[in-house]
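In: A predicted structure for the sequence below; I have some questions about it.
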Amino acid sequence: MAAVCPSSVLRRLACGGAALMLALGAAQAAADPPLTRIPAVRVQRAGVTVPGTPAQYNASITVRYGASRPRAILLLMPGYLGGAGSFDRLARQIVARDPGVAVWAVDRRSNTLEPQAQLAGADTATLTRIVQDGLPVVPPGRVAFMRDWGLDVTLRDWRAAVQEARRVTPDVFLGGHSLGAGLTGLYAAYDFGGRAGADDVRGLVMLDGLPGTLADREINTDQYDQGGLNALGVLPGLRQLDRQPYVNTLVFGPRLASQAAAQARLAAAAPDALAPDRGLSAVPATNLAACLLQLESRYALLPFMTVQTGQPTNAIEAPSFLALALGGRDSHWLVGPQDTSRPVGWQDDPAAPTDGQDFVNRYWTPLADYTEWYFPNRLTLDVAAARTGTVGTPFEQTLHVWHTSALTLPVLGIAAQRGVTQAADFVAYGKKTRGAVTVRTLPGASHLDIVAARRDQVARWIVEWMRPLRTPTPGPMAGPTDLDLAAAHVSP
C-alpha cells in the first residue's frame, strides 16, 4: 500500500536507520524539552547467581535518571509484562520536580533475552518487516532455565540494586506499578537471611497495584505443581514450566512485543504515514493509530493494559463483545475506515490524561523498552502463591514473605480512578501492617495513565510524600551537573 504522508517525509525516512533515529529524537525533544534534558543511563550489574542459568543472564539492571550522587534514590519495579521504559516519563517528571532525587527504573533479568540491537539499528524497511512478521522467538527449550526465575530471584536481583543505591545515599525508597507495586510490598516483607527487606529502605510507593495483585485467589500445593487459575486465567504449574517458561499467548508474547516496539518506532518518526499492512492493525491505519488502538481504553482487550489519549478519525466501530467478556469497559473494535480512500487516523484529546504521541515516542528508546518480551511464568506462579505473606502457608519455607504484619514503613498508595485498585484497597493493605498509609487517586486515569500522564500530578505526590522522610541535608546538593541544574529550574 502507498503511504499517505508527505513525500518529503518519505524521502527522509528512506535514508535509513540513522535518519529514523534523528526523527525519533526530534519528536521526543519537541514534545517536552525540559524532560529530555534529564540525564539517564542504563546500568547492568551482576544479580543473584542461579544454578543452571548462563552467567550473562544473572543480571540486575536499572535505568538511572538524574544525578549520579543524589540525596535520595527511588527504585521503581515495572508491572506484569512491563519494562523499565514504562517509567520513562514519570521518572523524568520526578527528577524535574526535585533534582535531589534520582529514579532507578528496573528491567528484570529476562529483558536480557531481547534482541534490542536489531531494533536499534533498523531502518524503515526493516521495521516494516518486523511489524509484519516479528523477530524470531527463542524456543522454550533453549531457555528452560527460566523455570527458576521466580519471586526469590526477582527480589534478590532487585536487592543488588538496592544495596548499590544504599552505598550512594541512606535515603532509598522502593516503588512499583501494578504487579511491580505488589513486588514492592513483597520485597519489604521478604526475609533475606535474617534481615527484612524493609530494613533497606525508607518507604514504599505503590502505583495502581499492591501485594495480592495477580493473586485474587489462594492456590494449594497441587495447583502450584500442576497448574491452576488466577486473575489472568490459566496459570502454568511447576511441571509445565520447562515447556512454558515465559508468557506466550494470543494477546502477548515475544513476537507481539517485537512487533509493537517496531510499530512504535515508526509512529515516533512518522505518525501520519500508513502503517504496514499485515501488521498490528486489521484495518488501514496511520502509524500512530495502529499503535494506540492496541492500548486505548475504548479498544484494548485487557482492562489492565489501557491508556487514554484520544480517539480515531475516519473510523467505523462496533461493540467488542470479546473485550467486554474479558472485563473491558465500554469496549469497541474498529470495523474499518469511513472513507476507504484514507486510513483510520488518530486525534489527540488535550483533556485526556496521556499524550498519545509522547506515549509512542517513549515506548521504545535505546535505554529501555516499555515491555518485557519474555515474562517468566514462574514469577506469576510465585506471586500467586505468596499473595501478601506466606507465614502459616505451605509456601512458608520456599517463599520467605514473613514480615508483612511487622512492617512499619510508610506507604504511598496511588490509585488510577479507572485502574485496577481503589483507595479502599490500600487502606485494607495498611491494616495488615503497622505503617502509615497515604492514599491518593488520579482522577479519570486508566491503569497505564498513572505512569504516562502528561501532567506531573503523580510525580508531585511522590516528591512531596518523600520529602519529610528523607535525612535533612543542609546546603546545595553535592556535585550537580549542568543537566541537573537545568532540571532544577523547570517551572511548575
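Out: Right, received. Where do you want to start? Residues are numbered from 1 along each chain as shown.

In: which SS state does R167 fall under?
Out: helix (DSSP: H, G, I helix; E, B strand; the rest coil).

In: Can you give me the distance of it to A160?
Out: Using C-beta to C-beta, to the nearest Å, R167 is found at 11 Å from A160. C-beta here means a position set from N, CA and C on the backbone, and glycine is covered the same way.

In: higher neighbour count, those two?
Out: Ranked by neighbour count (other C-beta atoms under 10 Å), R167 and A160 place A160 first, with 18 against 8.

In: hang on, that one in a helix?
Out: Yes. According to three-state DSSP, A160 belongs to a helix.

In: nearest spatial neighbour of it, skipping sequence neighbours?
Out: S60 (4.0 Å; C-beta to C-beta, 6 or more residues apart in numbering).

In: Strands of the chain, start to end?
Out: For the chain, the strands defined by DSSP state E occupy 40-46, 59-65, 72-77, 101-107, 172-177, 204-207, 227-230, 233-236, 310-313, 315-319, 332-337, 345-348, 411-418, 437-446.

In: Can you say which of these is nearest to F304?
Out: With C-beta to C-beta as the measure, strand 437-446 is the member of the strands of the chain nearest F304 (9.1 Å).

In: now the closest one and strand 411-418, what's the angle there?
Out: Using axes from the mean of the first three to the mean of the last three C-alpha atoms, to 10 degrees, one finds that strand 437-446 and strand 411-418 are set 20 degrees apart in direction.

In: Low-confidence regions, the stretch 1-150 of the chain specifically.
Out: The stretch 1-150 of the chain contains residues with pLDDT under 70 at 1-33.

In: number of nearby residues for the residue lying closest to E372 once chain neighbours are set aside?
Out: Distances taken as C-beta to C-beta, 6+ apart put G83 closest to E372, at 4.9 Å, once the chain neighbours are dropped. G83 has 29 neighbours, counted by other C-beta under 10 Å.

In: Can you give me the distance of G83 to N111?
Out: Note on G83: its distance to N111, by C-beta to C-beta, is 6 Å.

In: so what sits against both of these two?
Out: A368, D369, E372 (C-beta atoms under 8 Å, 6 or more residues apart in numbering).

In: Filter the residues you listed down to the buried ones.
Out: With neighbours counted by 16 or more other C-beta atoms under 10 Å, the shared contacts of G83 and N111 contain buried members at A368, D369, E372.

In: Double-check the last one against R108; I have them as touching.
Out: It stands for E372. Yes. Counting by C-beta atoms under 8 Å, E372 does reach R108; the two are 6.1 Å apart.

In: so what sits against both of these two?
Out: P78.

In: follow-up on the earlier one: quick check: the residue nearest to E372 touching L367?
Out: No. With contacts counted by C-beta under 8 Å, G83 stays clear of L367, the gap being 10.2 Å.

In: pLDDT score assigned to the closest residue to T441 other than its chain neighbours?
Out: Once flanking residues are discounted, T441 sits nearest to A415: 4.7 Å by C-beta to C-beta, 6+ apart. pLDDT, A415: 98.

In: give the contact list for A415.
Out: Neighbours of A415 in contact, by C-beta under 8 Å, 6+ apart: D208, T421, Q422, A423, D425, F426, V439, R440, T441, L442.

In: So for the second one, what's the pLDDT?
Out: Meaning T421. 94.

In: In contact with it, which residues are there?
Out: By C-beta under 8 Å, 6+ apart, T421 lies in contact with D208, G209, L210, T213, G413, A415.

In: What is the neighbour count of the fifth one?
Out: Residue crowding around G413 was assessed by other C-beta under 10 Å; the count is 26.

In: quick one: the residue located most distally from the centre of the chain from N314, how far?
Out: Residue farthest from the centre of the chain, counting by C-alpha atoms, centre = their mean, is S341 at 36.8 Å. Distance, S341 to N314, by C-beta to C-beta: 10 Å.

In: now Q118
Out: 33 Å.

In: Among those two, which residue is more densely surrounded?
Out: For Q118 and N314, the more surrounded residue by other C-beta under 10 Å is N314, and the numbers stand at 20 against 16.

In: Give the full set of residues in contact with that one.
Out: P337, Q338, D339, R342, P343, V344, G345.

In: Mind jotting down where the helices sit in the stretch 251-400 of the chain?
Out: Secondary structure of the stretch 251-400 of the chain (DSSP state H, counting those that start in this stretch): helices at 254-269, 287-292, 321-325, 356-363, 377-386.

In: outside of the fourth one, which residues touch it?
Out: Contacts with helix 356-363, where a contact means C-beta under 8 Å, 6+ apart, come from 24, 27-28, 31-32, 85, 88-89, 260-261, 264, 267-268, 271, 288, 291-292, 307, 309-310, 346, 348, 369-370, 452, 454.

In: do the last one as well
Out: Outside helix 377-386, the residues within contact range by C-beta under 8 Å, 6+ apart are 80, 108, 146-152, 154, 179, 182-183, 186, 213-215, 219, 224, 228, 230, 232, 235-238, 240-241, 244-247, 393, 395, 399, 401.

In: switch to 7 Å and redo it
Out: 146-151, 154, 179, 182, 186, 214-215, 219, 224, 230, 235-237, 241, 244-247, 395, 399, 401 (C-beta atoms under 7 Å, 6 or more residues apart in numbering).

In: got it, and the second one?
Out: Identification of contacts with helix 287-292 by C-beta under 7 Å, 6+ apart yields 263-264, 266-267, 270-271, 273, 275, 279-281, 309, 312, 344-346, 356-357, 360.

In: give me that answer again for 8 Å
Out: 260, 263-264, 266-267, 270-275, 279-281, 307, 309-310, 312, 343-346, 356-357, 359-360, 363.

In: Just the mean pLDDT for that helix, thanks.
Out: Helix 287-292 comes out with an average pLDDT of 97.

In: same check, this time on the last one
Out: Mean pLDDT, computed over helix 377-386, is 96.

In: send the alpha carbons of it over as PDB?
Out: Coordinates of each C-alpha in helix 377-386 appear next as PDB, following Å, rounded to 0.1, in the frame of the first residue of the first chain:
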ATOM      1  CA  ASN A 377       5.700 -17.700  34.200                       C
ATOM      2  CA  ARG A 378       7.500 -18.800  37.400                       C
ATOM      3  CA  LEU A 379       7.200 -15.200  38.700                       C
ATOM      4  CA  THR A 380       3.500 -15.100  38.200                       C
ATOM      5  CA  LEU A 381       3.200 -18.500  39.900                       C
ATOM      6  CA  ASP A 382       5.200 -17.500  42.900                       C
ATOM      7  CA  VAL A 383       3.300 -14.200  43.300                       C
ATOM      8  CA  ALA A 384       0.000 -16.200  43.300                       C
ATOM      9  CA  ALA A 385       1.400 -18.500  46.000                       C
ATOM     10  CA  ALA A 386       2.800 -15.700  48.100                       C
END
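
In: Much appreciated, bye for now.
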